[in-house]
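Enquirer: Everything below, folded, please.
(one chain, ligands or ions: 1)
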Amino acid sequence: MCKLSAKQEFIDEAKSGKVLARKCKKCGELHLATVYFCQNCGNREFENATLEGQGSIATYTIITVPPAGFEKYTPYAWVVLKLDNSNLRVSGFMGGIAKPADLPVGTKAKIVGFDDRGILIEKQ
Ligand SMILES: [Zn+2]
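Expert: Take a look at the predicted model:
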């Protein structure tokens, strides 16, 4: 499998609210990106694992001065979602967040899609 198709697979899974991870065949450690060695045990063999894109907000940054092309989306936050049932963290876009009170850390959230903003995350 080439890297391009692996990325497309990841995007397709995100569009259906899931996360494509790489699972070490030896120890079961999960990795988000394509890796050559398991970060836990050094093994080189992996298999795909599809995870539910649900979790809780670990941290985030509220964007009030957006990059070019993102003006129409403000206010929004760039959030880090810690997935339930694993230690993986996925970062993505959450709209409608203007101040910290809008999004307490620990808020339950889920992946709802993928587009030019990246992974789209909404409160559950
Ligand atoms: Zn391993």
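Enquirer: measure the nearest residue to residue 53 once chain neighbours are set aside to the ion for me?
Expert: Distance criterion CB to CB, 6 or more residues apart in numbering; nearest residue to residue 53, sequence neighbours excluded, is residue 111 at 3.0 Å. (Each C-beta comes from the backbone N, C-alpha and C, glycine too.) Separation of residue 111 from the ion (CB to the ion, to the nearest Å) stands at 25 Å.
Enquirer: do residue 41 as well
Expert: Residue 41 sits 3 Å away from the ion, going by CB to the ion.
Enquirer: cool, and residue 71?
Expert: For residue 71, the distance to the ion - CB to the ion - is 44 Å.
Enquirer: That residue: what's it in contact with?
Expert: Taking CB atoms under 8 Å, 6 or more residues apart in numbering, we find residue 71 in contact with no residue.
Enquirer: and whichever strand in the chain runs longest, what other elements does it pack with?
Expert: The longest strand of the chain (DSSP state E) is strand 54-63. With contacts defined as 3 or more CB pairs under 8 Å, 6 or more residues apart in numbering; DSSP states H and E, strand 54-63 has these neighbours: strand 76-83, strand 89-95, strand 108-115.
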